[in-house]
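Trainee: sharing a sequence plus its predicted fold:
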Amino acid sequence: MATLSLRQPPPEEAGLRPGQTLREHCEDRAKALMTERKDIDSVVAEISSLTQPVRPRFMPHTGGRRRRAITNKLYDGYGGRAAEILTNGMTSGLSSPSRPWFRSKIADPDLMKSHAVKQWLAAVDLVIYDFMAATNFYAAVKTGYSELGLYGTEGCFMADHWRAGMVCHSLSWGEYWTAVSDELAPDTLLRQCPLTTRQMVAQFVASRWDKRELDWSKVTVQVKNAWDNSNYDTVHEVLHLVEPNPAWDPVRFDAAGKPYRSIYWEVRSDARKLTLDTSGQEEQPFWCARWDVAGNDAYGVGPGWKALPDLRGLQMQVKRKGDATDYAVKPPMVGPASLKLNMSPGSFTSASSVDKDHVFPAWQADYRAIEILGKDVTQAHLALDSYFFVNLFMAITQMEGVQPRNNEEIFSREQEKLTQLGPVIERVNGEKLGVSIDRVFGLCLRRGMFPPPPPELHGMELQIEYISILAQAQRAAGLSIVERSLGFIGNLAKAFPGVPDNVDADGITRDYLDRAGFPAVGMRSPAARDDLRAARAKAEQAALARETAPAIRDGAAGAELLSRTDVRGTPILDALMPGVG
C-alpha cells in the first residue's frame, strides 16, 4: 500500500523536481522565458530604431559599460515626438504627481457615510501620496508609459529600501521577461540586474547589521578579486527572478509565509546550489502592464507596432525628399575635362569662351517632385498622430479652424477619442497603478505610517477608485445622454405636467456630480440635504404666516364687531350666518 507523506517541503524546495536545486529551477525558468520572447525582439528593435534608438537594451554589459543599439536609419524624428506626446499625456492624464489620481473607499455605502471612516481614508491616501512623491516612483511611471506606447509592454521592479523607502527600477525592453498566471495577469518577472562590485558587496556580502563584516561565500572569486584590487565599478551579471511562492502558508512568518519569492543569482557562478539571496515578498513587487493583448500572450501590442509601416515609409519618403531637394538645388554637372567647376556658393570658376557653353546639368529634378514628396511626409505625420493619440492630448492646439473653439465642441471631440483609449486605461489601472498602490500600501503599513483605523473598519477590505483626468473623462462619457434625456423630459412636461414624476431628481443629480468628478467634500449627505429642505419648508411657512397675518387679524376684528351689533335684538353676524354657533 502506498504511503502518503504529510511532510511540508521547505520554501527552498517547493515547486522543484526531485533532485533539482533552487538555482537550477531559476535557470530553467530563465531559459524558458528568454526563449518565449525571442520571436518579437526583432519587431521591437525595429520600432526602437525608428523612434528612440538608444532605449532598448539587447546587449549585455561589456567591459563595465552597457552597449546600446546604434542606427543610421533615422531621417525624421516625428515618430519619437509623437510617442513623447503620448507619454506625457498618459502621465498627466492617469497618474499626475500634481493632482490626486486615486482615492480609497469601502464597498459598504453605509460605512462610507461615517465621518471617522472618511477621515481615516483621507489620511491613508495622504500617506501614500507623500510616500510616492518622496521616491522615484513618478519618474519610473513616466518611463513606463513611453515603453508601453512604443512596444506594448512595460515593466518596473519596486524594491524595498531601508533609507529611501522604495526604489523603482524602470525596466527597458531587452532586460526583463515576464509570464502570466491562470488569471492571465503578469505574475512572474525575470530581469537582468547588473551590479557593480561595490553594489554586490553592499547588497550580498556585507552583513545587514554590521557593514564591516564581509561574507564572501555567496559570490564568485571574480567579485572578491575586483574588491581587493579596488575595481569597485566593474559590472557583474546578476539575474533576479520573482515568482509566486508555491510553498505559501499564510500562517507562517518566515519566507514561506510570503505570497511571492525573490531569488538573485550570479550568472558566472558554477555552484549549482548557490544563490545570492532568497527572500519573500508580501505583495507583488513589480508591475508589467500591457497595452493590448490577445489570449494568454505575456506581451502586449501597442501603438508602435501598428505605426511600424508608417514609420518605415516616413524614413523612406524623407530620404527621397532630401535627395530630390539636393538634385534641384545642386544638380550633377557635365562639362569639358579641362574645366574644374567649383559649385560652392560664392565661388568663382574661370572658363574660356568655348568651355562656358558646354557646362550644363546632367539631370535636372522636377521641382514638383519635392512638393509631392512633402505631401507624403505630411500624410505620414498625420498617420502617426492618429496612432499615438496626439489629436487627443493636443486637442486644442491641433484643432483646425478659428481658435478658440467652444468648450462643448472640445469636450465632444475628447469623448469621441476616449472611446478608443478606454480599454487601455482600464488595463493600466489594473496591471500597473493598482499593483503600485498595493505595494506602497504594504510598505507603509509595515513601517507603521498609517493612523489606527476606526473600529468599524475591522475586517473590511479597502478598494481603490481612480479619479485621474482620463478616468473621470471616461466616466463622464455618458453624461451627454443624461443631459439629452432631461432636456427631452423638460420639453415634454410642458404638455404633460406629470412626466417629471418618472425621474428621481436626487439620484440623477448625485450620479451626475460623481461621474463629472465633483469633489465629495462639496456634496451634502442625504441626511443633511433633508434637514436643509425641512428648514427651508419651515421658513417658507413662517414667511407665509407673516404675510397672511394682517388679513386674518382684520377679519377677526370685523367678525367681533358684527357679533356685537344688534338689529332688532339679534346680532348682525347671526342674521348673516343663521345656524352657525
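Mentor: Cool, got the structure. Worth saying up front: this structure is predicted, and the values here are computed from it rather than measured.
Trainee: pLDDT value on residue 531, please?
Mentor: At residue 531, the predicted lDDT confidence score is 84.
Trainee: ok, it - how many residues close by?
Mentor: Neighbours of residue 531 under the rule other Cβ atoms under 10 Å: 12. Every residue, glycine included, has its C-beta placed from N, CA and C.
Trainee: which element is it on?
Mentor: helix 526-564 (DSSP states H and E).
Trainee: how are the helices of the stretch 301-450 of the chain distributed by residue range?
Mentor: Assigned by DSSP state H, counting those that start in this stretch, the helices in the stretch 301-450 of the chain fall at 303-306, 308-329, 367-387, 390-393, 407-428, 434-446.
Trainee: residue 223 is nearest to which of the ones you listed?
Mentor: helix 434-446 (29.4 Å; Cβ to Cβ).
Trainee: what pLDDT is listed against residue 173?
Mentor: pLDDT, residue 173: 92.
Trainee: and for the closest residue to it other than its chain neighbours, the neighbour number?
Mentor: Using Cβ to Cβ, 6 or more residues apart in numbering and skipping the chain neighbours, the partner closest in space to residue 173 is residue 56 (4.5 Å). Close neighbours of residue 56, defined as other Cβ under 10 Å, add up to 22.
Trainee: what's the answer for residue 165, then?
Mentor: Neighbour count for residue 165, taken as other Cβ under 10 Å: 17.
Trainee: residues in contact with it?
Mentor: Applying Cβ atoms under 8 Å, 6 or more residues apart in numbering, we find residue 165 in contact with 131, 134-135, 443, 447.
Trainee: run the last query once more with 7 Å
Mentor: By Cβ atoms under 7 Å, 6 or more residues apart in numbering, the contact set of residue 165 is 131, 134-135, 443.
Trainee: now the buried members of these.
Mentor: Among the contacts of residue 165, those classed as buried by 16 or more other Cβ atoms under 10 Å are 131, 135, 443.
Trainee: which one of the residues you listed is nearest residue 325?
Mentor: Of all these, residue 135 has the smallest distance to residue 325: 49.4 Å, by Cβ to Cβ.
Trainee: and that closest one, which of the three is it?
Mentor: coil (DSSP: H, G, I helix; E, B strand; the rest coil).
Trainee: pLDDT at it, what is it?
Mentor: Per-residue pLDDT puts residue 135 at 97.
Trainee: pLDDT weak spots in the chain?
Mentor: 1-15, 57-71, 354-357, 362, 395-419, 476-478, 515-521, 548-549, 551-581 (pLDDT under 70).
Trainee: in it, where's the longest strand?
Mentor: strand 153-161 (DSSP state E).
Trainee: strand partners of that one, parallel vs antiparallel please.
Mentor: Here strand 153-161 is paired, per DSSP bridges, with strand 165-171 (antiparallel), strand 286-290 (antiparallel).
Trainee: who's in contact with the closest residue to residue 141 other than its chain neighbours?
Mentor: Of all residues not flanking residue 141 in the chain, residue 95 sits nearest, at 5.3 Å (Cβ to Cβ, 6+ apart). By Cβ under 7 Å, 6+ apart, the contact list for residue 95 reads 101, 141, 433, 468.
Trainee: mind checking which of these are in strands?
Mentor: Per DSSP E, those never map to strands.
Trainee: widest-spaced pair of these?
Mentor: Farthest pair in those (Cβ to Cβ) is 141 and 468. Separation: 11.7 Å.
Trainee: what's the first-to-last distance across stretch 231-242?
Mentor: Length of stretch 231-242, first residue to last, Cα to Cα, to the nearest Å: 30 Å.
Trainee: which of the residues in it are buried?
Mentor: Across stretch 231-242, burial judged by 16+ other Cβ under 10 Å covers 234-236, 238-242.
Trainee: closest to residue 351 out of those residues?
Mentor: Of all the buried residues of stretch 231-242, residue 351 sits closest to residue 235, with 63.0 Å by Cβ to Cβ.
Trainee: what segments of the stretch 151-300 of the chain are helices?
Mentor: 197-200, 221-228.
Trainee: give me the contact list for the last one.
Mentor: When contacts are taken as Cβ under 7 Å, 6+ apart, the neighbours of helix 221-228 outside the stretch itself are 197, 200-201, 216, 234, 236, 268.
Trainee: the residues you listed into a markdown table, with extra columns for distance to residue 483?
Mentor: Formatted as a markdown table, the contacts of helix 221-228 follow (distance: Cβ to Cβ, whole Å):
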| residue | distance to residue 483 |
| --- | --- |
| 197 | 65 |
| 200 | 62 |
| 201 | 65 |
| 216 | 71 |
| 234 | 66 |
| 236 | 63 |
| 268 | 66 |
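Trainee: ChimeraX command to pick out the buried ones of those residues?
Mentor: Burial among the contacts of helix 221-228 is assessed by 16+ other Cβ under 10 Å; the matching ChimeraX selection reads:
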select :197,200,201,234,236
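Trainee: what about the contacts of helix 221-228, which are in strands?
Mentor: Secondary structure from DSSP E places residue 236 of the contacts of helix 221-228 in strands.
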